[in-house]
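J.: Have a look; sequence and predicted model below, questions after that.
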Amino acid sequence: MEYQFILYKATLSIAILTVSLLIAMYSTLAERKLAAFFQDRLGPDRAGPFGLLQPLADGIKLFYKEEFMPASANKFLYILGPSLTMLVALLTSAVIPWGNSLIINGHEFSLQVADINIGILYVFAVVSVGVYGIMIGGWASNNKYALLGAIRAASQMISYELAMGLSIIAVVMMSGTLSIQKIVDQQAGFNWNVWYQPLGFVIFLVCALAETNRAPFDLPECETELVGGYHTEYSSMKLGFYLFAEYINMFISAAIISCLYFGGYHFPFESMLPVSHNILTIIGVLILFLKITFFGFVFMWIRWTLPRFRYDQLMKLGWKKLIPLAIFNMVITGFVIRLLH
Amino acid sequence: MSDLKPYTSVSGRSKIVSDKKITWVERLYLPAILKGMTITLSHLLKHKATIRYPETKREFSEIYRGQHVLKRDDEGRERCTACGLCAVACPAEAITMVAEERKPGEENLYREEKYAKIYEINMLRCIFCGLCEEACPKEAIFLTPRIVNADYHRDRFIYGKDILVESMDNRVDVTKRQTPEVLAFKKEKNRKHND
Amino acid sequence: MKVYLFYFLCILALYSAFMVVISKKPIHTVLYLTLAMFCLGGHYVLLNAQFLAVVHIIVYAGAIMVLFLFTVMLLNLNKEGEFQKPALVQVAAMAAGGILMITLVGVLKQTDVVMAKDPTMTQIGLVSSLAKVLYHEYLLPFEVSSVLFLSAMVGAVLLGKKD
């Protein structure tokens, strides 16, 4: 049983890893396609039908690009930067409940790699560590623009982590648990957290955009001011890692938003469906991916609609608007919980 | 004091700018953001402006000013007489030529007694203004709706007679450029030798 | 398995702590300190205190060390050379460090080996059990320390507003 358990968890991890990477790959295509569609263009459509092989072509291109390393760069840290970014981006997927359990031969298999009782805090810890990859890479490049981008990224991520944490705390107060699986199960049916925490959801969404360094908060790679930002000096697959990690982060953020506020793999009227447990689980997984796709779309939609913030506006929004709002949200939640009990 | 109204827009779309303080709701920016997002969303399904180039090509105007052609007359003789008016008219100094006297027995090659032995247009200098076509008294040079191809070497952009002179099996149609107005314009300037 | 993990983490923690002291580049010092923080987090996990481990990583590795790194990068303190301090300062630093070490060693010698109250209880490090201890037995110290943090924050704001 022990070995079977380990084997199962290993298979699940690899499956989730593969799916995350695949989705990140196709997010790049979706991003370009959507950008084009929002701007009345067609986007990449030459590689394969509807451009479906474009991510593959991009990947091959990145692999064949020259591996350039600045002479004055710190070699070890220069390589560590993108590796760390990629590692941290992939770490989060372990605690996300991708679906309910599957029952095979009487054994119950959970579709979550690790149901740790502090799931949300784990996510939070991984996100807070995510800034190291960018900072180390930006510093090791020994380039002004890269350093400025890294510093921007670091201060931005620290600032928005606070508001993000405070908005999560309101959810945790409501559900009384830190385990993501339990939070998801409390939202069974249509009992989604977003109905109770609309303000918290908006704060979380804004902070998620800022944490993934996406427009309108993409100042760390603001090309009008900083050339390429923290990855100015990077080329080949090391650059690919940085770009790829952004899409993985986006995917994970969308998954966490779906789990915390939109019921994860639960969907309305699921208890009325006359199907077996396993089939219901599979439908649930598909529903979760539908939700994730929708939020991925929202992320891209926002990116291709809103212009970039100015740096002081970004800081003002983070510290003077979002944090007080999040605290206010937390206090109101506390009062309501106290009144109801 | 006149009772003229302040400036009113003809199209009716201009807005009068004021520096009034934005209200609390406006300061939230959320309505404005949502408005912007509906605008982008509406573009998602709009008709795309892209032309898929190799499969479909953009329609050219009949009088598009592209690569030049040196015309022959109906008997296949070159019309150009190397008068140099095109080179003088050219604002970009793209045209050069060397004239030569027609020898006996070459009457079936050249229409006039003098012809261009070398005729070169530097396509990198050319601005495709069409003044050479306007200046030509012999109806010899025309611009055509053909694109000048890209190349890897600068010297290959100097087009000689081998490229410019049309071949008889593959004549370039320029009748659309010679509208009655154009012909009348050319006559107006006392270009009697045109006839 | 757990024992090997423990030794591995110990060696890594001691190595990185040692490197914090001897590495000459400030940025390496900060990164080694971060690594040491992660090792400590690993130790907490081994002690079945996941909450403490995660909070440790969030607060120390995720916030404080990032600020350290931030400052070092911003000031560009990446000079290879030794910072030559006056002799008096060096002596004073050594004396202060030595006194601290003597105190620590003395305190460690005095303490008895604490046995876990209930070693079979795996729930000891979880949020709810921690909260019960924190909000019942140690409520006053907890609140007092929060007041301390508040005063520190007010002080920081005051310093920042000065000019």
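T.: That came through, no problem.
J.: Contact partners for residue 16?
T.: With no chain named, the answer covers chain A. Each residue near residue A:16 by C-beta atoms under 8 Å, 6 or more residues apart in numbering or on different chains is listed here: A:93, A:94, A:98, A:113. Any C-beta I mention is one placed from the backbone N, CA and C, and that applies to glycine too.
J.: that answer is for a different chain, and I need it for chain C
T.: Per C-beta under 8 Å, 6+ apart, neighbours of residue C:16: C:32, C:33, C:35, C:36, C:39.
J.: Now it: phi and psi?
T.: phi -70, psi -40 (degrees, to the nearest 10).
J.: Any idea which residue of the stretch 151-300 of chain A lies closest to chain B?
T.: residue A:202 (8.0 Å; C-beta to the nearest C-beta).
J.: on that earlier part again, taking the contacts of residue A:16 one by one, which sit in strands?
T.: With strands taken from DSSP state E, there is no overlap with the contacts of residue A:16.
J.: of all of chain B, which residue lies closest to chain C?
T.: residue B:27 (24.5 Å).
J.: what's the helix or strand for that residue?
T.: helix B:24-28 (DSSP states H and E).
J.: State the mean pLDDT of that helix.
T.: If you average the pLDDT over helix B:24-28, you get 75.
J.: Helix, strand, or coil at residue B:120?
T.: strand (DSSP: H, G, I helix; E, B strand; the rest coil).
J.: now swap in residue A:35 and tell me
T.: Residue A:35 falls in the helix class when you classify it by three-state DSSP.
J.: Distance of it relative to chain C?
T.: Distance of residue A:35 to chain C, computed by C-beta to the nearest C-beta, to the nearest Å: 32 Å.
J.: my guess is that residue meets residue A:43, correct?
T.: Yes: Residue A:35 lies in contact with residue A:43 (C-beta atoms under 8 Å); the separation is 6.9 Å.
J.: Show me which of these two is the more surrounded one.
T.: Applying other C-beta atoms under 10 Å in any protein chain shown to residue A:35 and residue A:43 shows that residue A:43 carries more neighbours, namely 20 against 14.
J.: which residue packs closest to that one, ignoring adjacent ones?
T.: Closest residue in space to residue A:43, ignoring its immediate chain neighbours: residue A:36 at 3.1 Å, by C-beta to C-beta, 6 or more residues apart in numbering or on different chains.
J.: is it true that that neighbour touches residue A:50?
T.: No: checked against C-beta under 8 Å, the pair residue A:36 and residue A:50 is beyond contact range at 11.8 Å.
J.: Which one of the two is surrounded by more residues?
T.: Between residue A:36 and residue A:50, counted using other C-beta under 10 Å, the more crowded position is residue A:36 (18 against 13).
J.: one step back: buried stuff in the helix or strand following the helix holding residue B:27?
T.: Of the helices and strands lying after helix B:24-28 in sequence (DSSP H and E), the nearest is helix B:30-44. Neighbour-count burial for helix B:30-44, counted by 16 or more other C-beta atoms under 10 Å in any protein chain shown, picks out B:37, B:40, B:43.
J.: go on, stretch B:100-111?
T.: B:102, B:110, B:111.
J.: Which of those lies at the shortest distance from residue A:233?
T.: Of all those, residue A:233 sits closest to residue B:110, with 63.8 Å by C-beta to C-beta.
J.: okay, whichever residue of chain C sits closest to chain A: pLDDT?
T.: Of all residues in chain C, residue C:62 sits closest to chain A, at 2.7 Å by C-beta to the nearest C-beta. Turning to residue C:62, the model gives it a pLDDT of 81.
J.: List phi and psi for the residue most central in space within chain B.
T.: A centroid search over chain B (C-alpha atoms, centre = their mean) returns residue B:65, at 2.5 Å, as the residue closest to the centre. Main-chain dihedrals, residue B:65, degrees, to the nearest 10: phi -100, psi 90.
J.: now do residue B:117
T.: phi -80, psi -40.
J.: now it, nearest residue through space, not along the chain?
T.: Going by C-beta to C-beta, 6+ apart, residue B:117 has residue B:100 as its nearest residue, at 3.9 Å.
J.: Tell me the secondary structure of that neighbour, please.
T.: Taking three-state DSSP, the label given to residue B:100 is strand.
J.: need the contact list for it.
T.: Contacts were defined as C-beta under 8 Å, 6+ apart; by that measure residue B:100 touches B:82, B:114, B:115, B:116, B:117.
J.: pretty sure residue A:137 contacts residue A:229?
T.: No: between residue A:137 and residue A:229 there is no contact under C-beta under 8 Å: 10.3 Å.
J.: Show me whatever sits in contact with both of these two.
T.: In contact with both residue A:137 and residue A:229: residue A:146, using C-beta under 8 Å, 6+ apart.
J.: Comparing these two, which residue is more hemmed in?
T.: Set residue A:137 next to residue A:229 and count neighbours by other C-beta under 10 Å: residue A:137 wins out with 30 against 24.
J.: What angle do helix B:30-44 and the helix or strand hosting residue A:20 make with each other?
T.: Assessed by DSSP H and E, residue A:20 sits inside helix A:2-38. Relative orientation of helix A:2-38 versus helix B:30-44 (axes from the mean of the first three to the mean of the last three C-alpha atoms, to 10 degrees): 80 degrees.
J.: How far away from the center of its chain is helix A:2-38?
T.: Chain-centre distance of helix A:2-38: 12 Å, with C-alpha atoms, centre = their mean, to the nearest Å.
J.: which of the residues in it are buried?
T.: For helix A:2-38, burial by neighbour count (16+ other C-beta under 10 Å) applies to A:9, A:12, A:16, A:20-21, A:23-34, A:36-38.
J.: low-scoring pLDDT stretches of chain B, where are they?
T.: Within chain B, the segments meeting pLDDT under 70 span B:1-9, B:188-195.
J.: partner residues bridging the residue nearest to residue B:117?
T.: Per DSSP bridges, the residues bridged to residue B:100 are residue B:115.
J.: can you list the weak-confidence ranges in the chain?
T.: As the question left the chain open, I've gone with chain A. A:1.
J.: Switch to chain C, please.
T.: Scanning chain C for pLDDT under 70 picks out the ranges C:76-84, C:114-125, C:162-163.
J.: Let me know whether stretch B:47-60 sits next to chain A.
T.: Yes: counting by C-beta under 8 Å from any C-beta of the partner chain, chain A is contacted by stretch B:47-60 at B:47, B:48, B:49, B:50, B:52.
J.: and which of the residues you listed is nearest residue C:28?
T.: Closest approach to residue C:28 among those (C-beta to C-beta): residue B:50, at 51.8 Å.
J.: What distance do you get for the residue lying farthest from the centre of chain B to chain A?
T.: Ranking residues of chain B by C-alpha distance from their mean position (C-alpha atoms, centre = their mean) puts residue B:24 at the top, at 54.5 Å. As for residue B:24, its distance to chain A is 13 Å (criterion: C-beta to the nearest C-beta).
J.: re the thing from before, just checking, what packs against the next helix or strand after the helix holding residue A:20?
T.: Using DSSP H and E, the helix or strand that follows helix A:2-38 in sequence is helix A:54-64. On a contact count with 3 or more C-beta pairs under 8 Å, 6 or more residues apart in numbering or on different chains; DSSP states H and E, helix A:54-64 meets helix A:2-38, helix A:236-261.
J.: and the angle for the shortest one with helix A:2-38?
T.: Taking the same axes, to 10 degrees, one finds helix A:236-261 and helix A:2-38 inclined to each other by 100 degrees.
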